[in-house]
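Asks: turn this into a model:
(2 chains)
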Number of protein chains: 2
Amino acid sequence: MAKAIPSRSENYSEWYNELIKKADLAENSAVRGCMVIKPYGFSIWEKMQRALDDMFKETGHTNAYFPLFIPKSYLSKEASHVEGFAKECAVVTHYRLKNAEDGSGVVVDPEAKLEEELIVRPTSETVIWSTYKNWIQSYRDLPLLINQWANVVRWEMRTRIFLRTAEFLWQEGHTAHATAEEAMEETRQMLDVYARFAEEWMAVPVVRGAKTPNERFAGAEDTLCIEAMMQDGKALQAGTSHFLGQNFARAFDVQFLNKQNQLDYVWGTSWGVSTRLMGALIMAHSDDDGLVLPPKLAPIQVVIVPIYRKEEQLAQLTDKLKPLIQELRKAGISVKYDDSDANSPGWKFAEYELRGVPVRLAMGARDLENGTIEIARRDLKTKETVPFDGLAERIKLLLEDIQRTIYQKAMSFREANTFRVDTYDQFKEQIEKGGFILAHWDGTSETEEVIKEETKATIRCIPFDQEPEEGVDIYSGKPSKGRVVFARAY
Amino acid sequence: MAKAIPSRSENYSEWYNELIKKADLAENSAVRGCMVIKPYGFSIWEKMQRALDDMFKETGHTNAYFPLFIPKSYLSKEASHVEGFAKECAVVTHYRLKNAEDGSGVVVDPEAKLEEELIVRPTSETVIWSTYKNWIQSYRDLPLLINQWANVVRWEMRTRIFLRTAEFLWQEGHTAHATAEEAMEETRQMLDVYARFAEEWMAVPVVRGAKTPNERFAGAEDTLCIEAMMQDGKALQAGTSHFLGQNFARAFDVQFLNKQNQLDYVWGTSWGVSTRLMGALIMAHSDDDGLVLPPKLAPIQVVIVPIYRKEEQLAQLTDKLKPLIQELRKAGISVKYDDSDANSPGWKFAEYELRGVPVRLAMGARDLENGTIEIARRDLKTKETVPFDGLAERIKLLLEDIQRTIYQKAMSFREANTFRVDTYDQFKEQIEKGGFILAHWDGTSETEEVIKEETKATIRCIPFDQEPEEGVDIYSGKPSKGRVVFARAY
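Replies: Got it, this is the predicted structure:
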């Protein structure tokens, strides 16, 4: 029996919530805004981590680990940084509990008050740049190319599993360079790594571009981003890469002797992606029957369900299937053989559909006789009966095809939902229907803010592939030299 | 030029601190008791993680993630658990900062006080069992075999890098079972996994045994442990595995319908190892010249240093060495080719010795002529000139031999420093010299505590391989049925 979830058209938001629950990905915890990532969800995240980590290492980065806690005074050292994060941080003020005098449990021990409060890191620029100060003296110590996998906390008032949670998991790269050019190159390189990961692994096409000054990271001189379109036409920022200029080096006095033997401040970057990507993955591809996972990130790529009535039939099927399973596993394909008798084949079909397993094989007595097997693909929901011989090779090609097809479907969807709009009336009409809107903008924060207030649409990015085109701002009528991407966003 | 460190005999404790610093493993951060794990140190920890994670998965466990924060009231639910952890926990009381009125920076916003304080997890039994309550209804939901890689915080007053830090990294397994027998089997299985990891990967021999009731984990009915001997003769607890009985199930009301259709409380285990293992690894093998790493955990297994005066010599050496490097990498061996001209060969030799690279190859013009190469092993500090041909195979065997030799050396050291002692006078004399003491104990906490107070020695464990032997307690003279392991410990 399938565990039904609401359809997307019925209630997109409930569809997302129920899908996460029914597919056993994650759940809310007893702690407000903090989630529990369940084993099945975590195994997808692990695959993401592994792929990203490999890409970071290929581009010369190494991992390290910095403290969870940040002294309160550190936050203040970079003016716009503290402005951005002070309003939502968890503060540690004491380091001990004691028994309540009325025996009702434990209370905070007022005598164990910290001299300086500690912030649970919302991001680690401050603690890392205070450390880099001791690591960098000369240009020979540069570049410093470090990444950290960690949990961070931002006390958000309105939370949503994976998309916006008080605690989330992420990686944060923090690099230091001798020149602005090199730091800018790194900023761009890491954005490209993210884009490649989104497109090649998650099968999610993304628009690459720069944020407007309003939307930049608190403390950055430039923020680059990748933006993906969800099936409801909303945008989701899937990764950001920041050019920090010399801001954090100045704040923490990180100077180095350059090749000309002169003291200069170090140039920095930071870049991160988080468990938010899980939300993007779910919302980009899944359908009313459940998850649709790209094969490269699917914990189970192939499930095999034997269909039998008697024990000896199962034994025969297992004999036939075992060499196939071994062959697939040897080729690096993760296979689950579900021969349990606790559930019916129909129940299993629905269950693995819900969990987004890309390929399902089913084999019964007749198949055994005919030398055939049924093969079904999750993404297109097609199935066919094919010869058993040569199956491993067929599956390998099929997995590649599914990966490609999922990407193309998402790409077609984005193309069909991207609109060039030239008047504010058209804009207001279109934004209600969703999608990305390419429109002229005069480059001012004022216009950006009015449009945001009136339509809830934000400028997602100034795309790198912007075509030079003379035009006028849809709102102000002032001149513009190219279109930017507007959308409502998660 | 070598970066000198103090010798072990001179000052063991300073040797440890300086080694960690000079070998670029870790350092203290600006936050009291919290460390920064530097890239080289972290790459060793990553290798540990990968090996352990593979072993957990082979034994049927999956990873998940639970919240960093624990509501204060949860801690109190298990009586001895709160007793054990309340005295050293970081407490979050507020969720926002605001600008100070005098413009001096940011202060805690008194209006943003949490209704219930949150504890930064010192360990996750409480938050996990409160979650398991919703996951377990029937015996069909069991066993639940889950592990988490996470950071935890215990506000220790006296800290020491890797050995005892306020924040540390670890894994914590939390499993739930239908029967006491199965939970006990799991407890023992995971201890054996830890022992196998310590011996086969870290090359550190360990004693397996059970803790005395006094030394048990807060909330456990039985705590199993592995104990390793450091080079100063002190013991280091390298991993623990706890049989929790039904304690946490009762505290969080986790009941299930068993096969007989009766409600019963679930049986639990938990088990963990931490970045403390880094301390054990360093102290077990390293020498006065620096780190000695077992090849299986060495980030760089082989370093190759070309010795040249002119650029064309370097080109010739590189031509000769390149195919070797490729061959070694293809065999899964991590190789660093250090042809930089910033440092002399002598400096490089000292540097890689300090960093514990197991095998060093050096090749100069004469070697090129003779078809030879110099090969040096870090552990024994021997070197020889060998034919260039067949080198890859030789290196593979050598790495295996080094792994074995390091283990055997540690094992011989432990054997030479383990003593059977029958009187309290002998005991007091021996404990000053260090080592493990096998002595009779009457099984009472009273005796254990007096001995601890008078000698600073604790019972490390009641070893599994205890020989039945009638005797009398060294202190009380009361009867005993076997010897336990006493030592001073980290």
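Asks: anything in stretch A:210-221 sitting right up against chain B?
Replies: No. Counting by CB under 8 Å from any CB of the partner chain, no contacts exist between stretch A:210-221 and chain B, the nearest distance being 13.4 Å. To be clear about C-beta, it is placed using only N, CA and C from the backbone, and glycine gets the same treatment.
Asks: beta-bridge partners for the closest residue to residue A:271 other than its chain neighbours, please?
Replies: Spatially, and ignoring its direct neighbours in sequence, residue A:271 is nearest to residue A:241 (3.8 Å; CB to CB, 6 or more residues apart in numbering or on different chains). Using DSSP bridges, the beta-bridge partners of residue A:241 come out as residue A:224, residue A:271.
Asks: and the residue in the stretch 201-350 of chain A positioned nearest to chain B, how many neighbours?
Replies: Residue nearest to chain B within the stretch 201-350 of chain A: residue A:342 (7.4 Å; CB to the nearest CB). By other CB atoms under 10 Å in any protein chain shown, the residues close to residue A:342 number 8.
Asks: tell me the pLDDT at residue A:82?
Replies: In the prediction, the pLDDT value recorded for residue A:82 is 88.
Asks: buried residues, the helix or strand hosting it. List them.
Replies: Element membership for residue A:82, per DSSP states H and E: helix A:79-85. Of the residues in helix A:79-85, A:81-82, A:84-85 count as buried by neighbour count, 16 or more other CB atoms under 10 Å in any protein chain shown.
Asks: what does the stretch 251-400 of chain A put close to chain B?
Replies: Residues of the stretch 251-400 of chain A lying close to chain B by CB under 8 Å from any CB are residue A:342.
Asks: strands along the stretch 251-400 of chain A, start to end?
Replies: With DSSP state E, counting those that start in this stretch, the ranges of strands along the stretch 251-400 of chain A come out as A:255-257, A:263-265, A:267-274, A:302-306, A:335-337, A:359-363, A:372-377, A:382-387.
Asks: among the ones you listed, which is the most enclosed?
Replies: Neighbour counts (mean count of other CB atoms under 10 Å in any protein chain shown) averaged over each of the strands of the stretch 251-400 of chain A peak at strand A:267-274, with a mean of 26.
Asks: quick one: contacts of it?
Replies: Where contact means CB atoms under 8 Å, 6 or more residues apart in numbering or on different chains, the residues beyond strand A:267-274 that reach it are A:52, A:123, A:125, A:129, A:168-180, A:182-183, A:186-187, A:190-191, A:194, A:197, A:217, A:220, A:238-249.
Asks: whichever of those residues end up buried, select them in PyMOL.
Replies: Selection of buried members from those for PyMOL, criterion 16+ other CB under 10 Å:
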select buried, chain A and resi 52+123+125+129+168+169+170+171+172+173+174+175+176+177+178+182+183+186+187+190+191+194+197+217+220+238+239+240+241+242+243+244+245+246+247+248+249
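Asks: can you tell me which helix or strand of chain A has the lowest average pLDDT?
Replies: Taking mean pLDDT, DSSP states H and E as the measure, chain A has helix A:79-85 as its least confident helix or strand, at a mean of 87.
Asks: mean confidence score for stretch A:391-404?
Replies: For stretch A:391-404, the per-residue pLDDT averages 98.
Asks: and that stretch, how far out from the chain middle?
Replies: 25 Å (CA atoms, centre = their mean, to the nearest Å).
Asks: which residues sit against it?
Replies: Applying CB under 8 Å, 6+ apart, the contact partners of stretch A:391-404 are A:203, A:294-296, A:301-302, A:324, A:327-328, A:331, A:333, A:358-359, A:361, A:373, A:375, A:377-379, A:386.
Asks: so what's the closest residue to chain B within the stretch 351-490 of chain A up against?
Replies: Closest residue of the stretch 351-490 of chain A to chain B, CB to the nearest CB: residue A:355 (13.9 Å). Residues in contact with residue A:355 (CB under 8 Å, 6+ apart) are A:23-24, A:40, A:290-291, A:300.
Asks: sheet-wise, list the partners of the helix or strand hosting residue A:150 with their directions.
Replies: Using DSSP H and E, residue A:150 maps to strand A:144-153. Here strand A:144-153 is paired, per DSSP bridges, with strand A:62-63 (parallel), strand A:167-177 (antiparallel).
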